[in-house]
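> take a look and give me a structure for this.
(4 chains)
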There are 2 protein chains.
Amino acid sequence: MGSDTGLVDRWRSLLSSYNVVASQLERELQDAHGLTMSEYETLDRLIGVDCEKRRMQELAADMYLSQSALSRTVARLEKGGLVQRTLCEDDRRGVYVNPTEAGVRRHAEASKTHRAVLAQHLQGQPARV
Amino acid sequence: MGSDTGLVDRWRSLLSSYNVVASQLERELQDAHGLTMSEYETLDRLIGVDCEKRRMQELAADMYLSQSALSRTVARLEKGGLVQRTLCEDDRRGVYVNPTEAGVRRHAEASKTHRAVLAQHLQGQPARV
DNA sequence: ACGCATCATTTGCATAAGCAGCTAATGTGG
DNA sequence: CCACATTAGCTGCTTATGCAAATGATGCGT
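Residues are numbered from 1 along each chain as shown, chains lettered A, B, ... in the order given. Presented below is the predicted three-dimensional model:
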């Protein structure tokens, strides 16, 4: 042991930080905007880049979600009118996802909540992990 | 903005670290010992302290699990013969949980895997979060 | 002693996640 | 041109979770 106990402590600390922030994010995004954290993250990745049209696999690779989970997340967003699925003509196996105007608006509102929660918890800590 | 973008970056970094470590922990604990991360954490909290007999609410407070989730987690551990539930005589509303010998053994084995995974990912990083 | 508020834990219900299996579209070798 | 392997994405099934209501045990006021 010795240096190993330090490892476990660091993991516990990481676990703690993550859970505190994630659970509050989840709650506030849900209450104020009707979005899951996964849904927000998906929307965010869709909008953050200039090219607002990305394939499912690109999204899945960026996020820590399985393909099936992403598929369902996008399905929920689509049902809520926040994104659109269009099949791409070059490779007709592929599906492009792009945000609708409503999606862009919802994301803009939600991002305020998002940053507020982060500020509340990550404020003043060093930019290390 | 300005200092706000730093916040989001730190959160993404935290999210990333957490997900990488957690998903591998989950997988390896399951494959090698048939334990969920929640189950391992529960067992760990039960054994880490000298007093090997704790009430449900104490456990729930230590972990980031709702009471209902903890109840079911303990139920799974009990079904697997790794912990025992006994009702405490002082306050008969309460329930004590304590590990069985099998539970102690399983925990000892699993903790090697646990530490190995942590070492693989958290090695050499500063003890900050 | 009786009713009622309170606390500890479990259970019913709805939801998101992962895995494995499925379909559709491409690409490759004969 | 036809098999076969590969890739992209979706769906059925099981499971862990959270919330809210139910159950069971205590204690308090009268």
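
> residues contacting A:Leu43?
Residues in contact with A:Leu43, defined by CB atoms under 8 Å, 6 or more residues apart in numbering or on different chains, are A:35, A:77, A:82-83, A:99, A:103, A:106-107, A:110. Heads up, the C-betas are built off the backbone N, CA and C, glycines and all.

> centre of the chain versus the helix ranked longest in chain A, how much separation?
If each helix of chain A is counted by residues according to DSSP state H, the longest one is helix A:3-33. Average the C-alpha atoms of helix A:3-33, do the same for its chain, and the two points are 15 Å apart (CA atoms, centre = their mean, to the nearest Å).

> list the buried residues of that helix.
Buried residues in helix A:3-33, defined by neighbour count with 16 or more other CB atoms under 10 Å in any protein chain shown: A:7-8, A:10-11, A:14-15, A:17-18, A:21-22, A:25-26, A:28-29, A:33.

> could you export the contacts of A:Leu43 as a markdown table, including neighbour count and pLDDT?
Output for the contacts of A:Leu43, formatted as a markdown table (neighbours: other CB atoms under 10 Å in any protein chain shown; pLDDT from 0 to 100):
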| residue | neighbour count | pLDDT |
| --- | --- | --- |
| A:Leu35 | 27 | 97 |
| A:Leu77 | 26 | 97 |
| A:Leu82 | 24 | 97 |
| A:Val83 | 23 | 96 |
| A:Pro99 | 21 | 95 |
| A:Gly103 | 23 | 96 |
| A:Arg106 | 22 | 96 |
| A:His107 | 22 | 96 |
| A:Ala110 | 20 | 96 |
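
> just checking, which of those belong to strands?
Secondary structure defined by DSSP state E assigns A:83, A:99 of these to strands.

> now the two most distant members of the contacts of A:Leu43.
Farthest apart among those by CB to CB are A:Val83 and A:Ala110. That separation is 13.8 Å.

> residues in contact with the nearest residue to A:Ala60 once chain neighbours are set aside?
With CB to CB, 6 or more residues apart in numbering or on different chains as the measure, A:Leu70 is the residue that lies nearest to A:Ala60, at 4.7 Å, once sequence neighbours are left out. Counting by CB under 8 Å, 6+ apart, A:Leu70 makes contact with A:42, A:56, A:59-60, A:63.

> assign A:Leu70 to helix, strand or coil.
Remark: A:Leu70 carries the secondary structure label helix [criterion: DSSP: H, G, I helix; E, B strand; the rest coil].

> near chain B, which residues of chain A?
Within chain A, the positions lying close to chain B (CB under 8 Å from any CB of the partner chain) are A:4, A:6-11, A:13-23, A:64, A:114-115, A:118-119, A:122-123, A:125-129.

> I figured A:Leu77 was touching A:Gly103, is that so?
Yes: with contact defined as CB atoms under 8 Å, A:Leu77 counts as touching A:Gly103 (7.1 Å).

> can you list residues touching both of the two?
A:43, A:83.
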